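>>> the following comprises the amino acid sequence and a computationally predicted model.
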Amino acid sequence: PFPSPMARAVVTLLIFVSAFLPLSWAGWNDGTSFYRAVPPPGVPHDFLGPRRYTGSTSVPAVWPLPSSYSLGEDVVVVDAHKFSFHASGYMSDTLHAAFDRYSHLLFPPLQGGEGKAPPPHGTLLPARDEHDASVLVGLDVNVLSHDMSLTLDTDESYTLDIEAPVAHLICHSVYGAIRGLETFSQLVVAQDDHLAYIIRGVPVHIDDAPRYAHRGLLVDTSRHYLEKDLLLANLDAMNYNKLNVLHWHVVDDQSFPLESTTYPLLSQKGAYKANQVFSPADIEEIVEYGRLRAIRVVPEFDVPAHTSSWMAGYPHLRANCPDSYGAMDPTKETTYEFLQNFFLEMSKRFPDAYFHLGGDEVSFGCWKADPQITQWMKDHNMTEYSKLEEYFEQKVMALVHGVGKGFVVWQEIFNNGLTVRNDTVIEVWKGLDYDTLDAVVKSGLRAILSGCWYLDHLTDAWDTYYACEPSDGKLTPEQEKLIVGGEACMWGEQVDRANFLSRVYPRVSAVAERLWSPKGFPPPATDGDEWSNVAPRLHEHVCRMRRRDIWAEPIGVGWGFASCDWE
């Protein structure tokens, strides 16, 4: 009934252990499982090796924590030789690619030896018989819709049931399937140097859906250039954390590392080096890589400030002011002609429904110093520079709307009282600013929070980010719905290829759980410790990411975890 003597030995061992040791959910300090055997009275606590109790009762070892779950008390062996994925609903190239990825993630190559070929997928699952009662041989994935669009409104929910011989995953979209596959992969635990795989807590039932639709990470490629392969690795890591928006701050004052065929001097004059530029082919690859992992790529083109690198190749865009960075001249029609052509080109490069248009930190002093702008304002009976800013933003929004895009802007647009379109999304970035956040949604606009999740604050640890709650509890349910999510921001002044991933992970993992799991999750442990249901899972998640070549930094020695035991 089993494929090898090793598998028979594993099952025999499990039966033997279960006869003497009642099993309960708790945390292991080794980054391999969140389930521990609790010895009965009289049996030394180190009977199973150096594993220290650190967790609580019935919390699964999944990050981010699912919104609803129930766990049993049994263990199943995952038969790596027989295991296969099967699509009983709509099949697609996207799901096919996900099966390939998770075949490798579930059953990685043996450490220090030759890797085992991943199991096949799409094959018929074997019929159940009495010998398969404790062996899992497949996962059936039922995608209920053929809709392949990836938007703010995409349904990422899924239901996962695990019981031998076949587990079942049901979802409304292929992107919900990707979320469910990630959860399933986190429940499969390797034993004995990947010679055996098990799932504990069976039967497992999970009904899961994100709390917020927008769960993002801002990546800045202007201050320091980040190579394409690093961006792809980051998209993998985002997928492991169920983040779904890459807010790509592509360009800024410092550099313009993006090739434009319409305006080639932008990168030729504005990039740091000729080989530090993202080509159209690079963009296409990054966007598609993200889509296959249920991640939208939203580019930011911050205007009218933060645009010095634009002006290196096209100086006519610049207002005539002594400011070292300066801003675009909002009074020239040539500025808008340039932006219209640029946005049209970028709308074809980036298929997402949104552009981020920035709009922050506009220097009115620059405009005041330009006599031509001052005269233009007099000619148009304009006395306030905030009205000039509004004039610019309204024209730019009309251009972006004209190429079929919606837009996100930083909170200054709202704080300065500018009139904006009803479909504008306001990003609140100046700290945990509940006043602005609440005012935005009370005005009927949608909001994104990022102010308490600035990852460039390098002294802030993961628990600081985890403690940030997007809702102050003062809004009506309808107003709450207008907070569409949030994102962490990794500004690029102090990160490059050498330290980007370790600076971001696992601190952004804390943000990911805050945005995915229900408010108030996870519940405190039975001893009242609010962190004991969090820290052990996060440590395990760090070890999991490292096994997947995402070199996340440790969560800190203060939590009792020094390293991953297998390292």
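Structure's in. What do you need? Please read these numbers as outputs of a predicted model, since none were measured by experiment.

>>> tell me what the helix or strand where residue 85 lies is packed against?
Residue 85 is located in strand 84-87, with elements delineated by DSSP states H and E. The elements that strand 84-87 packs onto, with contact taken as 3 or more C-beta pairs under 8 Å, 6 or more residues apart in numbering; DSSP states H and E, are helix 93-106, strand 138-143. (C-beta placed from N, C-alpha, C; glycine too.)

>>> just these: most buried one?
Among these, the stretch with the highest mean neighbour count (mean count of other C-beta atoms under 10 Å) is strand 138-143, at a mean of 23.

>>> related to what we said a few turns ago, for the helices and strands packed on strand 84-87, give me a markdown table that also has mean pLDDT and distance to residue 432.
Output for the helices and strands packed on strand 84-87, formatted as a markdown table (pLDDT from 0 to 100; distance: least, C-beta to C-beta, whole Å):
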| stretch | mean pLDDT | distance to residue 432 |
| --- | --- | --- |
| helix 93-106 | 96 | 35 |
| strand 138-143 | 98 | 38 |
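
>>> quick one: which of the ones you listed is nearest residue 358?
Among those, the nearest to residue 358 by C-beta to C-beta is helix 93-106 (31.4 Å).

>>> could you say what helices and strands whatever helix or strand comes next after the closest one packs with?
Counting by DSSP H and E, the next helix or strand C-terminal to helix 93-106 is strand 135-136. Counting contacts by 3+ C-beta pairs under 8 Å, 6+ apart, strand 135-136 packs against strand 68-78.

>>> could you list the buried residues of the strand it packs on?
Going by neighbour count (16 or more other C-beta atoms under 10 Å), the buried part of strand 68-78 is 69, 71, 74-78.

>>> which two in those are spaced the farthest apart?
Greatest spatial distance in the buried residues of strand 68-78: 69 and 77, 21.5 Å, computed using C-beta to C-beta.

>>> output the below-cut-off pLDDT ranges for this structure.
Scanning the chain for pLDDT under 70 picks out the ranges 1-58, 109-133, 192-195, 324, 523-530, 558, 562, 565-567.

>>> okay, and the residue positioned nearest the centre of it sits in which element?
For the chain, residue 243 is the residue whose C-alpha lies nearest the centre (C-alpha atoms, centre = their mean; 2.0 Å). Secondary structure from DSSP H and E places residue 243 outside every helix and strand.

>>> check residue 170 too.
Counting by DSSP H and E, residue 170 is part of strand 166-171.

>>> just want the angle from that strand to strand 68-78.
Interaxial angle, strand 166-171 versus strand 68-78 (axes from the mean of the first three to the mean of the last three C-alpha atoms, to 10 degrees): 140 degrees.

>>> any chance of the buried residues of strand 68-78 in a markdown table, with distance to residue 184 too?
What follows is the buried residues of strand 68-78, written out as a markdown table (distance: C-beta to C-beta, whole Å):
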| residue | distance to residue 184 |
| --- | --- |
| 69 | 13 |
| 71 | 14 |
| 74 | 17 |
| 75 | 16 |
| 76 | 12 |
| 77 | 15 |
| 78 | 10 |
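
>>> which one of the residues you listed sits closest to residue 183?
Closest approach to residue 183 among those (C-beta to C-beta): residue 69, at 9.5 Å.

>>> what's the spacing between the closest one and residue 187?
10 Å (C-beta to C-beta, to the nearest Å).

>>> tell me, what's touching these two both at once?
60, 204 (C-beta atoms under 8 Å, 6 or more residues apart in numbering).

>>> count the neighbours of the closest residue to residue 431 other than its chain neighbours for me.
Residue nearest to residue 431 in three dimensions, not counting chain neighbours: residue 451, with 4.5 Å by C-beta to C-beta, 6 or more residues apart in numbering. Residue 451: 19 surrounding residues under other C-beta atoms under 10 Å.

>>> am I right that residue 451 falls within a strand?
No - counting by DSSP: H, G, I helix; E, B strand; the rest coil, residue 451 is not found in a strand; it is coil.

>>> what's near enough to touch it?
Contacts for residue 451 were tallied using C-beta under 8 Å, 6+ apart; they are 428-433.

>>> show me what residue 86 is bridged to.
Per DSSP bridges, the residues bridged to residue 86 are residue 140.

>>> and stretch 231-240, what's buried?
By neighbour count, with 16+ other C-beta under 10 Å as the criterion, the buried positions of stretch 231-240 are 231, 233-240.

>>> whoops, stretch 142-157 was the one
Neighbour counts using 16+ other C-beta under 10 Å place 142-143, 150, 152, 154-157 of stretch 142-157 among the buried residues.

>>> what about it, start to end distance?
End-to-end distance of stretch 142-157: 12 Å, with C-alpha to C-alpha, to the nearest Å as the criterion.

>>> just say helix, strand or coil for residue 217.
strand.

>>> need the helices and strands packed on strand 84-87 in JSON lines (columns: distance to residue 376).
JSON lines is the format used below for the helices and strands packed on strand 84-87 (distance: least, C-beta to C-beta, whole Å):
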{"stretch": "helix 93-106", "distance to residue 376": "51"}
{"stretch": "strand 138-143", "distance to residue 376": "56"}
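
>>> skip ahead from the helix or strand containing residue 401 and say which helix or strand is next.
Using DSSP H and E, residue 401 falls within helix 385-402. With elements assigned by DSSP H and E, the helix or strand that comes after helix 385-402 is strand 406-410.

>>> show residues contacting that next one.
298, 300, 353-360, 393, 397, 400-401, 420-421, 423-427, 429, 448.

>>> what subset of the residues you listed is buried?
Neighbour-count burial (16+ other C-beta under 10 Å) is assigned, among the contacts of strand 406-410, to 298, 300, 353-360, 393, 397, 400, 420, 424-427, 429, 448.

>>> how close does the residue nearest to the centre of the chain sit to residue 158?
Relative to residue 158, residue 243 is positioned 16 Å away (C-beta to C-beta).

>>> mind giving me the packing neighbours of the strand holding residue 170?
Contacts defined by 3+ C-beta pairs under 8 Å, 6+ apart place strand 166-171 against strand 138-143, strand 158-162, helix 174-187.

>>> about what we covered before: tell me the two of the contacts of residue 451 that are most distant?
Pairwise distances across the contacts of residue 451 peak at 10.4 Å for 429 and 432 (criterion: C-beta to C-beta).

>>> max-length strand in the chain?
In the chain, assigned by DSSP state E, the strand with the most residues is strand 196-208.

>>> for the closest residue to residue 80 other than its chain neighbours, give me phi and psi.
Once flanking residues are discounted, residue 80 sits nearest to residue 107: 4.7 Å by C-beta to C-beta, 6+ apart. Residue 107 adopts backbone torsions of phi -130, psi 70, taken as degrees, to the nearest 10.

>>> wait, isn't residue 107 in contact with residue 185?
No - contact between residue 107 and residue 185 fails when scored by C-beta atoms under 8 Å: they sit 10.2 Å apart.
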